[in-house]
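Engineer: Build me a structure from this.
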Amino acid sequence: MNSYLKSPVIHIMVGQSPRETILSAHLALLQKSQWFAEACSSYSNSTPHDERIVKLPDEDLGAVGSFLEYLYVGEYTPRLLPGASGKAEDQVLEHTDDSQVDEAGDNLLRHAKVYTLAEKLQLPELKHLAHSKIHRINSTAKGELRYAKFVYENTSKDDETIRQPIASFWAHRSHVLRHEAEAEFKAMILEFPHFAFDILSIVLDQKEKGREKDKDHHSKSAKATAGGPADDGDGPITATKTPRTSRKRLRMSVV
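Structural biologist: Model (predicted):
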């Protein structure tokens, strides 16, 4: 028998009255989270059963359920499965058809909520897992903006892990995507100036790199004319010529 089954059962109250839901889990597993370890530090087998309660009034029920599933099996639904190559970067989500599109951004939000909960509960491995699933979802402009709004509302401005890919996504595609959700894009810009700043910073950085590479291109061309080495032919990187990025796949098809 696994030792954690011998530890006290803790009741987790999610949501607020009259809609709260009570979930249960073993203390030994909950203690993998430093937040829960502190919240349950006074509980033991001698604590009355109905007094072993931890309240999470502002957390999403689905995210808490995914957290508990992760504690018990090391994953949460939908699971990551090996892709055709068997390599980690080619993993796919269980029961996911690449032709299906997350129209409203519900799937993006599901994993974003797990990510923010994992941040609160101090579980970096779960954060990484949730983030990796986000990048395997195809969505729409409106779905992406709904996801971006949640992230910019619920994460620190210093959290580049989840914010930077969002800003990069829009910086390289906003000239196309904003026309699919122009009103929502404008509202997002006005409500979250930092979102606009992050996008603008990336665009300006790319323009600056483009100018530097353009100078290098002309320098190489001059050398080639004078008998020096020829240019490599890559040309300058600009805001409308997307460079290679670390994104494993595009989460949205642009026509």
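
Engineer: Go ahead and name everything in contact with whichever strand or helix holds residue 109.
Structural biologist: Using DSSP states H and E, residue 109 sits in helix 106-121. With contacts defined as C-beta atoms under 8 Å, 6 or more residues apart in numbering, helix 106-121 is touched by 33-36, 59-60, 62-64, 66-67, 76, 102, 124, 126-127, 129-131, 133-134, 137, 139, 143-144, 146-147, 150-151, 154-155, 159, 162, 251. The C-beta positions use only the backbone N, C-alpha and C, and glycine is treated the same way.

Engineer: residues near residue 203, how many?
Structural biologist: As a burial measure, residue 203 scores 19 neighbours (other C-beta atoms under 10 Å).

Engineer: Touching, it and residue 171? I think so.
Structural biologist: Yes - the pair residue 203 and residue 171 qualifies as a contact (C-beta atoms under 8 Å) at a distance of 5.2 Å.

Engineer: Okay, helices next: where are they in the stretch 101-250 of the chain?
Structural biologist: 106-121, 124-134, 141-154, 160-177, 182-191, 193-225 (DSSP state H, counting those that start in this stretch).

Engineer: Show me what the shortest one is packed up against.
Structural biologist: Of the remaining helices and strands, those touching helix 182-191 by 3 or more C-beta pairs under 8 Å, 6 or more residues apart in numbering; DSSP states H and E are helix 141-154, helix 193-225.

Engineer: same question, the fourth one
Structural biologist: Helix 160-177 makes packing contacts with helix 124-134, helix 141-154, helix 193-225 when contacts are defined by 3+ C-beta pairs under 8 Å, 6+ apart.

Engineer: Show the backbone phi and psi for the closest residue to residue 11 other than its chain neighbours.
Structural biologist: Excluding its sequence neighbours, the residue lying closest to residue 11 (C-beta to C-beta, 6 or more residues apart in numbering) is residue 53, at 4.8 Å. When read as degrees, to the nearest 10, the backbone of residue 53 gives phi -120, psi 140.
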